[in-house]
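Peer 1: sequence? don't have it. structure:
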Ligand SMILES: CC[C@H]1O[C@@H](n2cnc3c(N)ncnc32)[C@H](O)[C@@H]1O
């Protein structure tokens, strides 16, 4: 199938679908019409898109954890704890790493091992292997909407099974679940495979069922300049809308400077609304703010400091949803108690800040303008490279280094751009690589980094990048020389 940013016809979709449903035996339980009937029977309070729309109307920020274990009953117990004790507003099913690489045979081994050892031998819920009916069993056991959260370049079979299972949201996208997660998956391949997932969501929409899609905002979660992550989010949103997606949550990963993080969310909303209007897409747009995605302090009390700071920033930014971290972040998969604690700390902060927003200021206005200008430089070039087609343009933009995600494992990412924090901890471009920014923008980024260098008595250098990567885990935002 040739890649172009054009809505797939049902014939094109069905031709691919026949093969997708054979990738694992559980694919044969997916029947679109039967699934549509099942989904229509799900009460509104368990529909992701509906709950997001309500939160946006009420101007509140909702909290969602990440969580997933190997076996169905344990996963249900975990989610019920996060709902009842943690008071989670949305529940995830974080999918295991084997499923993310379509290695369903290894999932099967992991499931059997988990049964044998009575502990989760997978780092998430293997939804493909568990199949439609077990996904429905999970949905029946909770009272909040469910979403698949993962990092899967080819999420086609996973999307089929979780949506037929009544989970009304799927996270990911052809850039955001490839470049930060895979080494050798071509951008063209992942864009096509995610067009499939978006077209599936679009088909359900056409049958009167709302399905939410959430591109993965943070990307590598390591010093990603807001304009780079916003550019990717807007592209993935536009590609999804072309396939018929009507409920979109665009995301962003906390960088740590309050003004910049609030400006990132505000500019993401403003710029995406501009683009969706230009292209005539009628979409329910919401935002999601991911609490700090970088290195965490091992000390749990300090971890709660990071978690609460992320919650506060999400509230002050006016994000619709915040993704919660846990006090076990530095060590690995959290216990269900630690996971619930992260949600409770987050909700305490959200409740205390309810209705409050960071007021407009000269600094905030400047940062919003700067992020929008930088983002438009990237998007304009992508569109030019694609001769008006964002899908083709994205493939060419990666080849040219116009889209360049810092610290990405993918061999399709040129990795020439380098970010570093300025004196206030805002993430700036230290090296632009082939990213086409105006001279004014380049000079401004350079000036801010020079100011930091001067205050630290050193040259602007790669060492700043290294220092910034380790800083938060060591208790500061900016990695100043010791
Ligand atoms: C995007 C990476 C994030 O997902 C989190 N994560 C990955 N798998 C799980 C899991 N199974 N349960 C809870 N959190 C998880 C991980 O801690 C990290 O914060």
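Peer 2: Yes, it's here. In this text, all values refer to a predicted model and were calculated from it rather than measured experimentally.
Peer 1: Could you identify the helix or strand that succeeds the helix or strand in which residue 203 is found?
Peer 2: For residue 203, the host element (DSSP states H and E) is helix 187-206. Once the chain leaves helix 187-206, the next helix or strand it forms, by DSSP H and E, is strand 212-214.
Peer 1: pLDDT (mean, whole number) over that next one?
Peer 2: The average pLDDT within strand 212-214 is 98.
Peer 1: anything in that strand near the ligand?
Peer 2: No - Strand 212-214 stays clear of the ligand (CB under 6 Å from any ligand atom), getting no nearer than 12.6 Å. Using the backbone N, CA and C atoms, a C-beta is placed for each residue, glycine as well.
Peer 1: Now do that strand: distance to the chain's middle.
Peer 2: When C-alpha coordinates are averaged (CA atoms, centre = their mean, to the nearest Å), strand 212-214 and its chain have centres 10 Å apart.
Peer 1: What is the subsequent helix or strand relative to it?
Peer 2: Counting by DSSP H and E, the element after strand 212-214 in chain order, helix or strand, is helix 226-242.
Peer 1: Which elements pack onto that next one?
Peer 2: Contacts defined by 3 or more CB pairs under 8 Å, 6 or more residues apart in numbering; DSSP states H and E place helix 226-242 against helix 187-206, strand 247-253, helix 258-278, helix 362-385, helix 390-400.
Peer 1: Please identify which of the ones you listed is closest to the ligand.
Peer 2: Closest approach to the ligand among the helices and strands packed on helix 226-242 (CB to the nearest ligand atom): strand 247-253, 9.2 Å.
Peer 1: any idea of the mean pLDDT for the closest one?
Peer 2: 98.
Peer 1: quick one: strands adjacent to that strand?
Peer 2: In the sheet, strand 247-253 lines up against strand 212-214 (parallel), strand 284-290 (parallel) (DSSP bridges).
Peer 1: Tell me the helices and strands packed up against the helix holding residue 203.
Peer 2: helix 10-20, helix 32-40, helix 156-164, strand 212-214, helix 226-242, helix 390-400.
Peer 1: Deepest-packed of the strands paired with strand 247-253, please.
Peer 2: Of the strands paired with strand 247-253, the one with the most neighbours on average (mean count of other CB atoms under 10 Å) is strand 212-214, at a mean of 30.
Peer 1: ok, residues contacting it?
Peer 2: Strand 212-214 has contacts (CB atoms under 8 Å, 6 or more residues apart in numbering) with 48-49, 52, 147, 168-173, 197-198, 201, 240, 245, 247-251, 288.
Peer 1: Would you show me how to pick out the buried ones of those residues in PyMOL?
Peer 2: In PyMOL syntax, the buried subset of the contacts of strand 212-214 is picked out as below (16 or more other CB atoms under 10 Å):
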select buried, resi 48+49+52+147+168+169+170+171+172+173+197+198+201+240+245+247+248+249+250+251+288
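Peer 1: Taking helix 390-400 as reference, get the angle to the helix holding residue 203.
Peer 2: Angle between the axes of helix 187-206 and helix 390-400 is 160 degrees (criterion: axes from the mean of the first three to the mean of the last three CA atoms, to 10 degrees).
Peer 1: Just the buried residues of helix 187-206, please?
Peer 2: Of all the residues in helix 187-206, those buried under the rule 16+ other CB under 10 Å are 187-205.
Peer 1: Which members of the residues you listed additionally contact the ligand?
Peer 2: Among the buried residues of helix 187-206, no residue is within reach of the ligand (CB under 6 Å from any ligand atom).
Peer 1: neighbours of the closest residue to residue 308 other than its chain neighbours, just the number please.
Peer 2: Nearest-residue entry for residue 308: residue 349, 4.8 Å, with adjacent residues in sequence omitted and distances by CB to CB, 6 or more residues apart in numbering. If you count neighbours by other CB atoms under 10 Å, residue 349 ends up with 23.
Peer 1: Residue 349 belongs to a helix?
Peer 2: Yes - counting by DSSP: H, G, I helix; E, B strand; the rest coil, residue 349 falls inside a helix.
Peer 1: tell me the contacts of the nearest residue to residue 167 once chain neighbours are set aside?
Peer 2: Of all residues not flanking residue 167 in the chain, residue 146 sits nearest, at 4.1 Å (CB to CB, 6+ apart). The contact partners of residue 146, taken as CB under 8 Å, 6+ apart, are 46, 48, 90-93, 138-139, 162, 166-169.
Peer 1: Quickly list what residue 146 is bridged to.
Peer 2: Under the criterion DSSP bridges, residue 146 forms beta bridges with residue 91.
Peer 1: Which residues of the chain lie near the ligand?
Peer 2: 66, 67, 68, 94, 123, 124, 325, 329, 333, 334.
Peer 1: Just the buried subset of the residues you listed, written out for PyMOL, thanks.
Peer 2: Burial among those is assessed by 16+ other CB under 10 Å; the matching PyMOL selection reads:
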select buried, resi 66+67+68+94+123+124+325+329+333+334
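Peer 1: Rebuild the residues of the chain next to the ligand as TSV, extending it with secondary structure.
Peer 2: Formatted as TSV, those follow (three-state DSSP):
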residue	secondary structure
66	coil
67	coil
68	coil
94	strand
123	coil
124	coil
325	coil
329	coil
333	coil
334	coil
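Peer 1: Redo the residues of the chain next to the ligand as JSON lines? Include pLDDT.
Peer 2: JSON lines is the format used below for those (pLDDT from 0 to 100):
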{"residue": "66", "pLDDT": "98"}
{"residue": "67", "pLDDT": "98"}
{"residue": "68", "pLDDT": "98"}
{"residue": "94", "pLDDT": "98"}
{"residue": "123", "pLDDT": "98"}
{"residue": "124", "pLDDT": "98"}
{"residue": "325", "pLDDT": "98"}
{"residue": "329", "pLDDT": "97"}
{"residue": "333", "pLDDT": "95"}
{"residue": "334", "pLDDT": "97"}
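Peer 1: Make a markdown table out of the residues of the chain next to the ligand and add distance to residue 425.
Peer 2: As requested, these are arranged in a markdown table below (distance: CB to CB, whole Å):
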| residue | distance to residue 425 |
| --- | --- |
| 66 | 25 |
| 67 | 30 |
| 68 | 32 |
| 94 | 29 |
| 123 | 31 |
| 124 | 32 |
| 325 | 18 |
| 329 | 20 |
| 333 | 29 |
| 334 | 26 |
